[in-house]
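Asker: Give me coordinates for this.
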Amino acid sequence: MSLSAPSSSPTKRSLKCSMEGMLDYGVKKHEYYDEINWSTWMVGVGRLPRRVIREYKDDGRLRLLVGKLCMIIGSNIHYFGPRQLSNIVHGWGKIGREWDVDGVMVKAMKEVTGESTGDIPTWCNEDTSPITISNICWATAKLDLPFPVPSFFRHIDSLSHVLFSPPFEPQSISNVIWSAARVNEHHGFLPNERYDGDTMHVKIPRIWEAMEENAVEFTERASPQSISVVALACYKMGVDCEKLFGAIDEQADRLVQRDSMQAVSNLVYAVYKGGYKMEKLNQKIELLDGDEFLGNSTLTASQCQSLSNLCWSISRLSIPASSLFRSINDNAELVLEKNAGQGISTIAWAFAVLDDVFWAKHRHGIESHDFFQAIDDDIERIYPLLSLEGLSNLLYAAATLDYEMPSLLKVFSSNISDIKKIGPGDGRGLSNISWYLAKTGHYDAGFFSLLEKNKAQLMNDDTTNGKVFLSFAWSICLLLACEKHESLLRDMWDKILLLRESRESLTKVELTMALQVYTTAGVYLSTPLTEPSSEFLEEMKVQATSTKISGSRGQDEVMGYTEILNVGRVEEEVSPWTIDSLAPALSDSDVKFLSIDAAIVSEKLAIEYNGPGHFLTTWKGEDGGKRWRKAKRKARDIVQGKERVEERKWKKIVRSEGGIDKVMEGLDDDDKFGKKKLGWFEFEEVEDVEEEDGGEGGDWRRDEFTLVENGVTKYKKKILSELGWNLVSVPFYEWAEMETEIEKEMYLRRKFEEATGKECKVEITEIEKKKEEEEERDRER
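Answerer: Got it, this is the predicted structure:
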């Protein structure tokens, strides 16, 4: 019987015919097969795609033939030569153990690997070809046998000189190394751990030694996939290969390509886990052309998974791969289309982690508006794909980047009852969710009821640290739900104090949160929380107030114009809590983090300049985001000369040719943060762009994205209202639109009159005089 491999792109019909032909022929002739017939037949089956083989899962003919073959090998292994044996077991590896009949495949593999007797298999000797060794090792690992094979790999390790015999075959070597790592992983052997049954742990020290000696030649000749497999196995087996990774670094330009996305993902993951310094690889990824790497075609599910893993590793290595993440943002639908829930949340988490990296390196954040809006637009499909961990990571990312995600909030609230039980280790994920609710200022009764019901599990979980309990307590206080969940709050606070006694460290931000919990609960509960130690209380106070918060340019302007309005004596950095004796144990300096920018105390009038940090980005409309992303891509193609401009012309916001850095020149951090939050910071208005569907054009960016107050701002406003204070609130984006002095004065006058119901005392003649002076200057210019 002569069989050939399927063509590179066979039709489903031709593949099915190939399978039918092999089955029919095999059933008729298998009694007369010799070792060559069996080998050829199994090679033919193994070369067919798994999707075709799966269609025949319940076909008795295939089970009959595979079962017959397993029994022959199990009792007559000497009957097959090494090459035929490797072809057969390699085919088994392709079809999987689900085709095993009564465990005969497993019994046969015991004979093949020599584990049944402990002796060296008859086929395993110095005359065996590297390809044969590679195929059998690969099948041994791929079948996930229910028994470890340490003695088998010791025999393989003794043949390291055969594997590396010049000119060696890199793929054969990588298959052997991958197989050893896979067997260890399958049986729970992790890197750098010792076991009581250490002899069961697969080790291949001679092969690793030979790899180090031949590292340069291996990396020059091996495919990106083979190199990444070896790099990943190096980490998984706890092996230190400095020469190998040094040689890999030299091949960075060749390795980082779109057609080897999985290899790049595995390689960067291995670099992070192994702690290797790869300057050229890191630089290649940082400068990677994201549009070229992603391409314009649809990503497969496998590529989506590789991309999400790559993003995770890049974020852990803190590589500012701006082009890659910009392209992910610009091609959000492409990335989300076939991505699993965990992959989507992983990319979102990477955006959040890298945002600080971009601020540190470029003094601006990462572009992510379109990606998060696309998730929110498609949340009905995505939400069921998310595990608790995935949901937690997605909400953590949204909170970190200050996105409200209105559709996600709605779906989460309506599905919270689906979380029936909390298991060990779930506390961290739930704390991320509670932190998101607090950051957005959304109280969800169902979520906090879930915490109440599972309080015992959370309190007794050894994997949960004080930061988790602090997040729960802070959320309850920031949402001003202290009285609703008093018992839960008290237990969480006591747990924080208990863990603090064991010297669990808290960051400055966390110490500020702890002081806010203690203070807020003291005001809203009839009985204060358990008093912390004097040392801990002092540390909270010192850390919470140690950094002087300087006012932004906008805040300084507002305070200056307030004096012109003659509304009373303005005091800066005032805390209504201490003025009204609600927190008598604390001084003004202790609750400085709760203070307002300025106040006219005698009138109980608070004045707040709300900079970008007071807001979340959200969006309007059900399909506006999709229209915007589609039009933006078209607009960019037109500007870059990739598409012809039609007759209709209209304005659209597209990327500035000077790049983000040029747009950011001359802006202070507060202005940069504000522009980032509204999605303006990387765009400018450009003429000659037509909407794809022929509709009316317009400044969609300003219409689609809007800002809402975040949880901290809502918290402060509610407290002021309960204390009987009036509030003059000046959002940064409204103030930025006031261009002249007269506009700014009139704007503040209107704000004060709305807050107090009183007319400001500023003389209108003064305003008119300033207006005339400005008009005169304009005429002179």
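
Asker: Buried residues, stretch 435-447. List them.
Answerer: Under the neighbour-count criterion of 16 or more other CB atoms under 10 Å, stretch 435-447 has 435-444, 447 buried. Bear in mind the C-beta positions are built from the backbone N, C-alpha and C, glycine included.

Asker: hang on, residue 707 in a strand?
Answerer: Yes - under DSSP: H, G, I helix; E, B strand; the rest coil, residue 707 sits within a strand.

Asker: pLDDT-wise, which helix or strand of this protein ranks last?
Answerer: strand 650-655 (a mean of 33; mean pLDDT, DSSP states H and E).

Asker: Flag the shaky bits of the stretch 451-600 of the chain, pLDDT-wise.
Answerer: Scanning the stretch 451-600 of the chain for pLDDT under 70 picks out 503, 544-552, 563-570, 572-594.

Asker: Which secondary structure elements does the helix or strand that residue 208 is a member of sit against?
Answerer: Assigned by DSSP states H and E, residue 208 belongs to helix 205-213. Secondary-structure packing of helix 205-213 (3 or more CB pairs under 8 Å, 6 or more residues apart in numbering; DSSP states H and E): helix 150-157, helix 160-163, helix 170-186, helix 242-250.

Asker: Kindly reformat those as TSV containing mean pLDDT, distance to residue 107 and mean neighbour count.
Answerer: Converted to TSV, the helices and strands packed on helix 205-213 look like this (pLDDT from 0 to 100; distance: least, CB to CB, whole Å; neighbours: other CB atoms under 10 Å):
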stretch	mean pLDDT	distance to residue 107	mean neighbour count
helix 150-157	89	15	21
helix 160-163	93	28	18
helix 170-186	92	18	23
helix 242-250	94	38	19
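
Asker: quick one: which of these is nearest residue 226?
Answerer: Checking those against residue 226 by CB to CB gives helix 170-186 as the closest, at 3.8 Å.

Asker: I'd like the helices and strands packed on helix 205-213 laid out as CSV, including distance to residue 401.
Answerer: Formatted as CSV, these follow (distance: least, CB to CB, whole Å):
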stretch, distance to residue 401
helix 150-157, 47
helix 160-163, 49
helix 170-186, 34
helix 242-250, 32
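
Asker: Which one, of the ones you listed, ends up nearest to residue 220?
Answerer: Nearest of the helices and strands packed on helix 205-213 (CB to CB): helix 242-250, 7.9 Å.

Asker: Pull the distance from that closest one to the chain's centre.
Answerer: 28 Å (CA atoms, centre = their mean, to the nearest Å).

Asker: and the next element down the chain from it?
Answerer: helix 252-255.

Asker: In terms of secondary structure, what does that next one contact?
Answerer: helix 224-236, helix 261-274, helix 279-286.

Asker: Next, the contact list for residue 731, please.
Answerer: With contact taken as CB atoms under 8 Å, 6 or more residues apart in numbering, residue 731 is in contact with 610, 614-615, 707.

Asker: can you check residue 713 too?
Answerer: Counting by CB under 8 Å, 6+ apart, residue 713 touches 441, 610, 614-615.

Asker: Most widely separated two among these?
Answerer: Across the contacts of residue 713 (CB to CB), the longest gap, 13.7 Å, separates 441 and 610.

Asker: Now the common contact residues for those two.
Answerer: 709, 713.

Asker: Can you list the buried residues in the helix holding residue 208?
Answerer: 206-208, 210-211.

Asker: tell me which of those residues is nearest to residue 461?
Answerer: residue 208 (39.1 Å).

Asker: quick one: the closest one and residue 238 touch, right?
Answerer: No - using CB atoms under 8 Å, residue 208 is not in contact with residue 238, being 10.5 Å away.

Asker: Tell me the one of the buried residues of stretch 435-447 nearest residue 478?
Answerer: residue 438 (4.3 Å).

Asker: Tell me if I'm right that that closest one and residue 472 touch.
Answerer: No - Residue 438 is not in contact with residue 472 according to CB under 8 Å; the separation is 9.6 Å.

Asker: Who are the contact partners of residue 223?
Answerer: 170-171, 260, 263.

Asker: any chance you could map the helices in the stretch 51-200 of the chain?
Answerer: Using DSSP state H, counting those that start in this stretch, the helices assigned to the stretch 51-200 of the chain run over residues 60-75, 82-95, 104-113, 130-142, 150-157, 160-163, 170-186.

Asker: To residue 562, which of these lies closest?
Answerer: Using CB to CB, the helices of the stretch 51-200 of the chain put helix 170-186 closest to residue 562, at 65.4 Å.

Asker: Quick one: distance of the closest one to the chain centre.
Answerer: 28 Å.

Asker: Run through the neighbouring helices and strands of whatever helix or strand residue 333 lives in.
Answerer: Element membership of residue 333, judged by DSSP H and E, is helix 332-336. Secondary-structure packing of helix 332-336 (3+ CB pairs under 8 Å, 6+ apart): helix 369-377, helix 624-639.

Asker: mean pLDDT lowest for which of those helices?
Answerer: Among these, helix 624-639 has the lowest mean pLDDT, at a mean of 55.

Asker: List the buried residues of stretch 39-51.
Answerer: By 16+ other CB under 10 Å, the buried positions in stretch 39-51 come out as 39-46, 48.

Asker: What angle do helix 261-274 and the one helix or strand residue 313 maps to make with each other?
Answerer: Using DSSP H and E, residue 313 sits within helix 301-317. Interaxial angle of helix 301-317 relative to helix 261-274 (axes from the mean of the first three to the mean of the last three CA atoms, to 10 degrees): 30 degrees.
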